[in-house]
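# What shape does this take:
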Amino acid sequence: MTIHARVLSLCAATVALTCSLAAGAAEFDWKFYTYFASNDKPTLLHKTFAKDVSDSSQGRLHIQVFASGELPYKASDVLRAVARDQVQIGDVAFGFVAGDVPQLNALSMPFSCTSIDKFYDSAAPAMQKDINEVLGGKFKTQSIMQWVMPPQQLWLVKPIDGIEGLKGLKVRAWNREQVDMMAALGGAGVTVTPSEVIPALQRGVVDGAFTAAVPALDWKFNEVTKMGYMLNLTLAHQAMVVNQKALDGLPDDLRKLLMDKAAEWAPKYRAAMIEADLDARKQLQEKGMTLMDVSAADMETLRAATKPIGEAWAAKNGEMAARMLAGAVDACR
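Alright, predicted model coming up:
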């Protein structure tokens, strides 16, 4: 090959490479896993966030969101999947990974925090340092955003008049504290994975289930339950968790972009969940469900019955757990 031919070949290769980069070939291709279903509202939020990051980086950092069933992970697996770099970002629910990071589960304590606004304004900033100390130390991961699902309610196949009606019922609980609460009220909490909740309600395996109004609508609870007992029990505390090595491996500008976008999107998650909660309640009622608020007297009984749950949890899980619980209660009172 002549020198002229070699120069032409090199130029052609350079043009091809330039075109490839211009076409959006990603320098970094990340997976983001959420245990929510593909059309659930949190998943749609995650997908929009990921697209914003990808677009804002001009395709250099491409993030693909995988929903429940698209990768072989359960909700309890997400933190470990991120730690192992099987996915680079995970939607981690602290209630589901309490076995791995029990001291971070303060918001699962009954009535520790039930206000989305107070969570974002006060509780989340106060918790961030402790959360990342634990995630970074044991799992080499980092939370880049905290968010919450709306308050957890109790959805029942048969209506009740008040907390006395909970005696003898079996309900789907997704953390230890909900199980303990039902036991304190004379009922029972049983573990059922998210994908099995509707079949369990249909078959009479359980008499009800704890979840927020948003997934209750997404999962069509109106077809299998008649009543929402509006306890406002807890907020489901979530974190967008990133593998530390993957994060550190990004160039400075992309790492800053990702962190800035997480900060930008936190208030969007906040507004979206508040709006979604109000809309879900409205739609569930329009579909024939009865939503009943807890009476003041029953609420006093509920708080008294569940207070020992939080106290026992804090005593068991150490100084950080006690500090996070006290801080959450103080921030959200």
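
# what phi and what psi does the backbone show at the residue minimising distance to the centre of the chain?
With distances taken as Cα atoms, centre = their mean, the residue of the chain nearest its centroid is residue 238 (3.5 Å). The phi/psi pair for residue 238 (degrees, to the nearest 10) reads phi -120, psi 160.

# Please name the residues that touch it.
Residue 238 makes contact with 42, 91-94, 146-149, according to Cβ atoms under 8 Å, 6 or more residues apart in numbering. C-beta coordinates here come from the backbone N, C-alpha and C atoms, glycine included.

# who does it bridge with?
As for beta bridges, residue 238 partners with residue 93, residue 147 under DSSP bridges.

# so residue 51 is in which element?
Using DSSP states H and E, residue 51 sits in helix 41-56.

# ditto for residue 211
Assigned by DSSP H and E, residue 211 belongs to strand 208-212.

# Each with direction, which strands does that strand pair with?
Strands adjacent to strand 208-212 in the sheet, as given by DSSP bridges, are strand 141-156 (antiparallel), strand 170-173 (parallel).

# Can you give the contact residues for the shortest one?
Here strand 170-173 makes contact (Cβ under 8 Å, 6+ apart) with 154, 156, 178-179, 181-182, 187-192, 197, 200-201, 205-210.

# Just the ones in strands from those, please.
The strands in this structure, assigned by DSSP state E, contain 154, 156, 188-191, 208-210 from the contacts of strand 170-173.

# Give me the buried entries from the residues you listed.
The neighbour-count test (16 or more other Cβ atoms under 10 Å) applied to those identifies 154, 156, 188-189, 208-210 as buried.

# how much space between residue 275 and residue 116?
Distance, residue 275 to residue 116, by Cβ to Cβ, to the nearest Å: 11 Å.

# Which of those two has more residues huddled nearby?
Comparing residue 275 with residue 116 by neighbour count (other Cβ atoms under 10 Å), the higher total belongs to residue 116, at 21 against 13.

# measure the more buried one to residue 291 for me?
In terms of Cβ to Cβ, residue 116 sits 18 Å off from residue 291.

# Over to residue 197?
Distance from residue 197 to residue 291, counting by Cβ to Cβ: 19 Å.

# neighbour-wise, which of those two wins?
More crowded of residue 197 and residue 291, by other Cβ under 10 Å: residue 197, with 23 against 15.

# show me what contacts that one?
172, 209, 211, 219.

# all helices of the stretch 201-333 of the chain, in order?
Under the criterion DSSP state H, counting those that start in this stretch, the stretch 201-333 of the chain carries helices at the ranges 213-218, 244-248, 252-286, 296-332.

# tell me the average confidence for the third one?
It refers to helix 252-286. Within the predicted structure, the mean pLDDT of helix 252-286 is 97.

# roughly how far apart are residue 112 and residue 151?
For residue 112, the distance to residue 151 (Cβ to Cβ) stands at 12 Å.

# show me the contacts for residue 184.
The contact partners of residue 184, by Cβ under 8 Å, 6+ apart, come to 305-306, 308-309.

# For PyMOL, write the select line for the buried members of those residues.
To isolate in PyMOL the members of the contacts of residue 184 that are buried, counting by 16+ other Cβ under 10 Å, one can use:
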select buried, resi 305+306+309
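
# Let me have the contacts of residue 184 in JSON lines, adding pLDDT and distance to residue 79 as columns.
Converted to JSON lines, the contacts of residue 184 look like this (pLDDT from 0 to 100; distance: Cβ to Cβ, whole Å):
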{"residue": "305", "pLDDT": "93", "distance to residue 79": "31"}
{"residue": "306", "pLDDT": "94", "distance to residue 79": "26"}
{"residue": "308", "pLDDT": "96", "distance to residue 79": "28"}
{"residue": "309", "pLDDT": "95", "distance to residue 79": "23"}
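
# any chance of the contacts of residue 184 in TSV, plus distance to residue 108?
Compiled in TSV, the contacts of residue 184 are given as follows (distance: Cβ to Cβ, whole Å):
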residue	distance to residue 108
305	16
306	11
308	15
309	9
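
# What is the nearest of the contacts of residue 184 to residue 60?
Distance to residue 60, by Cβ to Cβ, is smallest for residue 309 among those, at 47.0 Å.

# Grab the nearest non-local neighbour of the closest one.
Once flanking residues are discounted, residue 309 sits nearest to residue 180: 4.9 Å by Cβ to Cβ, 6 or more residues apart in numbering.
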